[in-house]
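> Next input, structure requested:
(one chain, ligands or ions: 2)
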Amino acid sequence: MQLTKPHRQRLTGKALKKLYLQVVHRDEGLCQICGKIGQQAHHVLYGSKKEDCIENLLLVCGNCHAKVHAHLIAIEPYLRPEQLEYVEKKQRLNHINQPTGVF
Ligand SMILES: [Zn+2]
Ligand SMILES: [Zn+2]
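Ligands and ions are numbered 1, 2, ... in the order given. Prediction:
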């Protein structure tokens with residue numbers, strides 16, 4: 001696998017689908033917010049920091065995903081320790097203290 005770009009990794013097509021399946025596997029097919037079946041991968045960091053890597057993706061259901069995007073749910077409490085670490089590291093790198101949550 002090509003991982004030469006440590007910054008802003010973006011994937012398309014098959015690679016993205018494979019990553020999505022890894023997210024589903026890690027999160028056991030469940031929405032990490034409400035515990036129902038999850039069908040969508042939400043990007044934890046978005047905008048200029050949006051990356052397609054497993055730490056930046058959280059499996060959610062359509063319902064919770066819509067709420068996250070409507071700023072009705074903060075996702076930080078639902079992140080895994082390694083994801084919080086990833087977010088902190090990225091935010092330190094960028095010297096910007098933006099809240100996480102919505103793409
Ligand atoms: Zn949900
Ligand atoms: Zn999203």
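> helix/strand/coil for the residue of the chain found nearest ligand 2?
Using Cβ to the ion, the closest approach of the chain to ligand 2 is made by H42 at 3.6 Å. Backbone N, C-alpha and C define where each C-beta goes, glycine included. Here H42 takes the strand state, with states given by DSSP: H, G, I helix; E, B strand; the rest coil.
> Tell me the bridge partners for it.
Counting by DSSP bridges, H42 is bridged to L58.
> for the residue nearest the centre of the chain, what are its contacts?
The centre of the chain sits closest to L57, judged by Cα atoms, centre = their mean, with a distance of 2.2 Å. For L57, the residues meeting the contact criterion (Cβ atoms under 8 Å, 6 or more residues apart in numbering) are 19-20, 23, 41-44.
> Tell me which two in those are the farthest apart.
Looking at the contacts of L57 by Cβ to Cβ, the two members farthest from one another are Y20 and V44, with 14.5 Å of separation.
> Now name the helix or strand holding Q32.
Secondary structure assignment for Q32, by DSSP states H and E: no helix or strand.
> ok so, going back, higher neighbour count, Y20 and V44?
When neighbours are counted by other Cβ atoms under 10 Å, V44 comes out ahead of the other of Y20 and V44, with 27 against 17.
> is it true that that one touches Q83?
Yes. Between V44 and Q83 there is a contact under Cβ atoms under 8 Å: 6.3 Å.
> list the residues that contact both of these two?
Where contact means Cβ under 8 Å, 6+ apart, the residues bridging V44 and Q83 through contact with each are 55-56, 58.
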